[in-house]
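Peer 1: From the sequence below, what's the structure:
(chains A and B)
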2 protein chains.
Amino acid sequence: MPFFSQSVQHIRSSEIRDLMKLATRPDIISFAGGMPNNDLFPVAEVDDIILNMDPEIKKVAFQYGPTPGYPPLLETLKQYLKTKGLPVDTHHLMITTGSLQAINILAMEFIDPGDLVLTENPSFIGGIAVFKAFQAHIKGVPLQHDGIDLKALEEILETEQPKLLYIIPNFHNPAGIIYSKEKRVKLLELLKDKNILLLEDDAYNELYFSEAAHELTQPVMSMNQYNIPMVYTGSFSKILGPGFRLGWMLAPPDIYEKAQIIKQGIDACSPNFTQVIANAFMQKGYLEPYLNKIRKEYAKRKQLMQNALETYMPEEVTWTEPEGGFYFWLTLPQYMNATDILKDSVKKGAVFVTGKTFDPEAKHNNYIRLAFSNMNINDIDKGIQIISNAIKKNMLAYS
Amino acid sequence: MPFFSQSVQHIRSSEIRDLMKLATRPDIISFAGGMPNNDLFPVAEVDDIILNMDPEIKKVAFQYGPTPGYPPLLETLKQYLKTKGLPVDTHHLMITTGSLQAINILAMEFIDPGDLVLTENPSFIGGIAVFKAFQAHIKGVPLQHDGIDLKALEEILETEQPKLLYIIPNFHNPAGIIYSKEKRVKLLELLKDKNILLLEDDAYNELYFSEAAHELTQPVMSMNQYNIPMVYTGSFSKILGPGFRLGWMLAPPDIYEKAQIIKQGIDACSPNFTQVIANAFMQKGYLEPYLNKIRKEYAKRKQLMQNALETYMPEEVTWTEPEGGFYFWLTLPQYMNATDILKDSVKKGAVFVTGKTFDPEAKHNNYIRLAFSNMNINDIDKGIQIISNAIKKNMLAYS
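Peer 2: Modelled structure (predicted):
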């Protein structure tokens, strides 16, 4: 049986599938979905773009485009990434159907069955699924409040040679944390001359809640002075809309060259129709005001959830207050099983995603991910109360 | 080195790349590009759809969607495929980013390195590239004017057990032919109880030039009374626009089940933004009038090219007059090398794609593919004259 066919079995536990069904029931308060808010999409701006689009560009939107992306969008995006200090002049940019496709392409390019891949623990489930599908041996490196555990990473590197390290330094999914500047610098120092591909997933870069957090978001790739092999991925999903299916990959020429041949074989090109709109969205100056608006809205939601957590959670439950992004990541007492909490919460009307979903080794389950991005804002307080009660009940049963 | 990374080397010869660069030069008459005509896209209809779209549906367009596709589009498409006699009640439908992604997903699901895959010879370069990327051993079965050579196929099946047979029965790319009804029936009889997955690629189904051709387009899957494992793929690229990156796959439940898990890992979902528009395009009744319009236009172009070929080509060059689709496929005398003809034609101002590009074994090169779909209609006569002259000159050199 083809390896891909075998390994996809791991990708989606039936638990998640059932949960996702529940999460769409109108009577359930769902902290499960890690997606932008439906009511915040820049619908009027995109209407305006389409209404005023040059007829010749409209035709281009309907046609096949070059595999690496719609050239004007590549140019616009390059200018944008340059403002983040990214090496757009020495590296090549490619548009992908979401950053998940970029991770897939890299896995196709680099991973042989049995290769060691390091991820943070916890990590993005989509990334874990890709590495599993390509039959990598995955090891999770613990995540701390300020980034990856460098000591644990160093210990692994003493005896093993991973092919790739996958990190999400900004407003981590699911952990909600941001890497400190020191961690970024030291991580690069540690990876110097180790011949490990560093894959930086920066999907949440723009969603900071303060200027202090903004300053921290400087991409690791922009600090790479040691010529460590690196690929940087980003996405329009959080700054325009996931329905556009547009992300990107910034890579050194040799990695890019193979990546675009792989992309050509996979789907020929990303949708020109949405690329043309995304380009106009940036060109017309709609991006920055839109980001200002959604940063405020997500910050407000974060604050409401922080308040509710402080009010209702027992002191044994801990978390790092997020400085951006979509997620709170709760650490429960070690003896607790988040699946039990989930079962009880569901009965009372609230769902979330359990910790082990994000553990590459699917072991640790005393964690809970709560997304505050796309739920009814008025339900936050009630929902947190339900989950807190389920946790307290569970604690009582063990005491 | 990962197998995918190794095998992508084969995908695109530098010849094609150079050719594609030439094909976009404004002073060159290009018969190379197999894409719809830029001036025929239903721009006004899509403008109308977006202008009048329900605000709630607009929000959905920006968001992630279910992996198998936007549910209303799946429903609309099911009704449409039902009119073609396809088994939409027993099979499952999935939206993909073009039918090329559908072929990729099936390759991931079915192909182990070294597996035998049969394609027609010639065959769609994108399909060949996918099977090569997954390290299949590919054998080409000759194509005749009325479909696959059944005798040649039967001979292969006497000694070998292919995993998959890939066919394009309607308005073949590149061969331009359509399978006769008899060939379709006999092919199914031959595959009965053979346990070979039959993959039917029907991207050009709607582009017939006459009612007689229309009748022939009945999908092979709709005649599958022997329960032969089959997957049917189609595309919005030729009936709406490739820039939407939308295709589909109709598959039995077991194949579908794994395919959607693979799709989930690849890119989560196809673009909702373009799916919402495609659904409205069909729902509002825009599809049929649009098809009537483009069928007429492509038939006109076909006729001009047929006339020019009859006028200028030496009698040693033969072809089957296409009854639909985008392509003429010329057979040159056996001793001739299409690459030589191409080099000479380019100098005089016309390009096309050489035959060996479409040969899974990259051997036979006494063929030429001429696409009449997206070139300047006024250039057809002049372009064919240039190519005919190059052929005549080459014949003289050999006589």
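Peer 1: quick check, the strand or helix carrying A:M249 touching chain B?
Peer 2: In this structure, A:M249 sits in strand A:247-251 according to DSSP states H and E. No. Counting by Cβ under 8 Å from any Cβ of the partner chain, chain B is not contacted by strand A:247-251; separation bottoms out at 9.2 Å. C-beta here means a position set from N, CA and C on the backbone, and glycine is covered the same way.
Peer 1: C-terminal to that strand, what's the next element?
Peer 2: helix A:253-267.
Peer 1: In the stretch 51-200 of chain A, which residue sits nearest chain B?
Peer 2: Of the residues in the stretch 51-200 of chain A, the one nearest chain B is A:F62, at a distance of 3.3 Å by Cβ to the nearest Cβ.
Peer 1: Please tell me I have it right and that residue contacts A:F273.
Peer 2: Yes. In this structure A:F62 lies within contact range of A:F273 using Cβ atoms under 8 Å: 6.8 Å.
Peer 1: quick one: which of those two has more around it?
Peer 2: Neighbours per residue (other Cβ atoms under 10 Å in any protein chain shown) separate A:F62 from A:F273, with A:F273 holding more: 28 against 22.
Peer 1: domain parsing for chain A?
Peer 2: The record's domain parsing of chain A by automatic domain parsing lists A:3-41+A:289-398, A:63-283.
Peer 1: how about those domains in a markdown table, adding distance to B:L157?
Peer 2: Listed next are the domains of chain A as a markdown table, based on distance: least, Cβ to Cβ, whole Å:
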| stretch | distance to B:L157 |
| --- | --- |
| domain A:3-41+A:289-398 | 24 |
| domain A:63-283 | 28 |
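Peer 1: Show the contacting residues for the closest residue to chain B within the stretch 251-399 of chain A.
Peer 2: Going by Cβ to the nearest Cβ, chain B is nearest to A:N272 of the stretch 251-399 of chain A, at 3.6 Å. Going by Cβ atoms under 8 Å, 6 or more residues apart in numbering or on different chains, A:N272 touches A:60-65, A:70, B:242-243, B:245.
Peer 1: most neighbours, which of those?
Peer 2: Of all the contacts of A:N272, the most densely surrounded is B:R245 (31 neighbours; neighbours counted as other Cβ under 10 Å).
Peer 1: With adjacent residues omitted, what lies nearest to A:A251?
Peer 2: A:V231 (4.6 Å; Cβ to Cβ, 6 or more residues apart in numbering or on different chains).
Peer 1: Just say helix, strand or coil for that neighbour.
Peer 2: strand (DSSP: H, G, I helix; E, B strand; the rest coil).
Peer 1: ok, it - contacts?
Peer 2: Counting by Cβ under 8 Å, 6+ apart, A:V231 has contacts A:102, A:106, A:197-200, A:249-252, A:255.
Peer 1: try it again with 7 Å
Peer 2: Counting by Cβ atoms under 7 Å, 6 or more residues apart in numbering or on different chains, A:V231 touches A:106, A:197, A:199, A:249-251, A:255.
Peer 1: Which two among these are spaced furthest apart?
Peer 2: Pairwise distances across these peak at 13.4 Å for A:L197 and A:L250 (criterion: Cβ to Cβ).
Peer 1: give me the low-pLDDT residue ranges for the stretch 1-150 of chain A?
Peer 2: Applying pLDDT under 70 to the stretch 1-150 of chain A flags residues A:1-20, A:23-24.
Peer 1: Now do the strand or helix carrying A:E310: which elements does it pack against?
Peer 2: Applying DSSP H and E as the criterion places A:E310 in helix A:287-312. If you count contacts as 3 or more Cβ pairs under 7 Å, 6 or more residues apart in numbering or on different chains; DSSP states H and E, helix A:287-312 packs onto helix A:380-398.
Peer 1: Give the other helices and strands that the helix it packs on contacts.
Peer 2: helix A:287-312, helix A:338-348, strand A:350-351.
Peer 1: how about 8 Å then?
Peer 2: Secondary-structure packing of helix A:380-398 (3 or more Cβ pairs under 8 Å, 6 or more residues apart in numbering or on different chains; DSSP states H and E): strand A:29-30, helix A:287-312, helix A:338-348, strand A:350-351, strand A:367-371.
Peer 1: Alpha carbons of it, as PDB, please.
Peer 2: Listed next in PDB are the C-alpha coordinates belonging to helix A:380-398 (Å, rounded to 0.1, in the frame of the first residue of the first chain):
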ATOM      1  CA  ILE A 380     -17.100  34.000  26.100                       C
ATOM      2  CA  ASP A 381     -17.900  34.500  29.700                       C
ATOM      3  CA  LYS A 382     -20.600  31.700  29.800                       C
ATOM      4  CA  GLY A 383     -18.400  29.300  27.900                       C
ATOM      5  CA  ILE A 384     -15.400  29.800  30.200                       C
ATOM      6  CA  GLN A 385     -17.600  29.300  33.200                       C
ATOM      7  CA  ILE A 386     -18.800  25.900  31.700                       C
ATOM      8  CA  ILE A 387     -15.300  24.700  31.100                       C
ATOM      9  CA  SER A 388     -14.100  25.900  34.500                       C
ATOM     10  CA  ASN A 389     -16.900  24.000  36.200                       C
ATOM     11  CA  ALA A 390     -16.000  20.900  34.300                       C
ATOM     12  CA  ILE A 391     -12.400  21.300  35.400                       C
ATOM     13  CA  LYS A 392     -13.400  21.900  39.000                       C
ATOM     14  CA  LYS A 393     -15.700  18.900  39.000                       C
ATOM     15  CA  ASN A 394     -12.900  16.700  37.700                       C
ATOM     16  CA  MET A 395     -10.500  18.000  40.300                       C
ATOM     17  CA  LEU A 396     -12.900  17.200  43.100                       C
ATOM     18  CA  ALA A 397     -13.200  13.600  41.800                       C
ATOM     19  CA  TYR A 398      -9.400  13.300  42.200                       C
END
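Peer 1: which residues are in contact with it?
Peer 2: Contacts of helix A:380-398 (Cβ under 8 Å, 6+ apart): A:29, A:31, A:301, A:304-305, A:307-309, A:311-314, A:316-317, A:332-333, A:335-336, A:340-341, A:344-345, A:348-350, A:352, A:368, A:370, A:372, A:375.
Peer 1: pLDDT of stretch A:192-201, averaged?
Peer 2: Mean pLDDT, computed over stretch A:192-201, is 97.
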